[in-house]
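>>> Predicted coordinates and the sequence they were generated for:
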Amino acid sequence: MDDDEAIARSLRGDLTAYEALVARYSALAHRTAALLGARDEAEDVVQEAFVKAYRHLPSFRPGSPFRPWLLRIVANETHNLTRARGRRSELSVRLAATADVVSGDDPEGAAVATDRRARLLNAVRALPERERRAVVCRYFLQLSEAETAQVLGWPIGTVKSRTHRGLARLRREVGDDLG
C-alpha cells in the first residue's frame with residue numbers, strides 16, 4: 001500500500017492503514033527528532049507528531065508527499081520541546097549512522113575516524129540553531145532542498161543560504177575533514 005492509499009484509507013477510519021504509515025516513517029521520524037535536538041525525548045516527540053499528523057490528516061493536501069509533511073510536524077514538535085526546555089538544543093547523533101568504514105585491523109585509522117566524527121559533531125552542535133537545522137536536514141537526513149524547505153517551513157533560498165553559511169562555519173571549524 002502506497003502513502004496515498006494509506007492516507008485515503010486512514011481518512012475513512014482504517015487505523016491499520018495509519019499504522020502502516022507509522023511503521024514506514026517511524027525510524028526516520030525518530031532520527032529527525034534526535035538530530036534536531038530532542039535527544040532522549042525523541043520518542044515523546046515522535047509520538048506527539050504522529051498523533052498530530054493523524055488529527056490533521058483531513059487538512060493534508062491529496063497528492064502531496066507525506067514524508068516532508070510529517071517531518072515538518074516532527075521538526076515543529078522538536079522545536080517546541082527545545083524551546084520549552086529553555087536551553088540550547090544539542091544534536092544527538094548515532095555514531096553508527098555517520099561512521100566511516102574503518103578496518104578492524106587499523107586501530108590508528110579507527111582512532112582518527114572517531115576523532116574526526118567527534119570534532120564534526122561538536123562543530124555541528126555549536127552552529128546557530130537555524131544553520132544547524134538546515135545542515136542536519138540536508139546532510140544527516142539527506143533531504144533535498146525542497147524537502148528541507150517544506151520540513152522547516154522556509155523558502156528554498158533561505159535553505160540554501162543557511163546551509164551554505166553552516167557549511168562555511170563547519171569548514172572553518174573542522175577544516176578539510178568535510179571532504
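Great, that's in hand.

>>> CA atoms for contacts and neighbours, from now on please.
Noted.

>>> and whichever strand or helix holds residue 133, what does it pack onto?
Using DSSP states H and E, residue 133 maps to helix 129-135. In terms of contacts (3 or more CA pairs under 8 Å, 6 or more residues apart in numbering; DSSP states H and E), helix 129-135 is packed against helix 156-174.

>>> Please give the centre-to-centre distance between the helix it packs on and its chain.
Centroid separation for helix 156-174 versus its chain: 16 Å, with CA atoms, centre = their mean, to the nearest Å.

>>> Could I get the CA-only coordinates of it as CSV?
Output of helix 156-174 as CSV, limited to C-alpha atoms (Å, rounded to 0.1, in the frame of the first residue of the first chain):
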residue,chain,number,x,y,z
ILE,A,156,14.2,27.4,-0.7
GLY,A,157,16.5,30.4,-0.9
THR,A,158,16.7,30.5,2.9
VAL,A,159,17.5,26.8,3.0
LYS,A,160,20.3,27.4,0.5
SER,A,161,21.8,30.4,2.3
ARG,A,162,21.6,28.8,5.8
THR,A,163,23.1,25.6,4.5
HIS,A,164,25.9,27.5,2.8
ARG,A,165,26.6,29.6,5.9
GLY,A,166,26.5,26.5,8.1
LEU,A,167,28.9,24.5,5.9
ALA,A,168,31.2,27.5,5.7
ARG,A,169,31.3,27.6,9.5
LEU,A,170,31.9,23.9,9.7
ARG,A,171,34.8,24.2,7.2
ARG,A,172,36.4,26.9,9.3
GLU,A,173,36.0,24.8,12.5
VAL,A,174,36.8,21.3,11.2
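
>>> buried residues in that helix?
158-160, 162-163, 165-167, 169-171, 173-174 (16 or more other CA atoms under 10 Å).

>>> which one of those residues sits closest to residue 19?
Among the buried residues of helix 156-174, residue 159 lies closest to residue 19 (CA to CA), at 31.7 Å.

>>> looking at it, the closest one is touching residue 134, isn't it?
Yes. If you go by CA atoms under 8 Å, residue 159 and residue 134 touch, sitting 6.1 Å apart.
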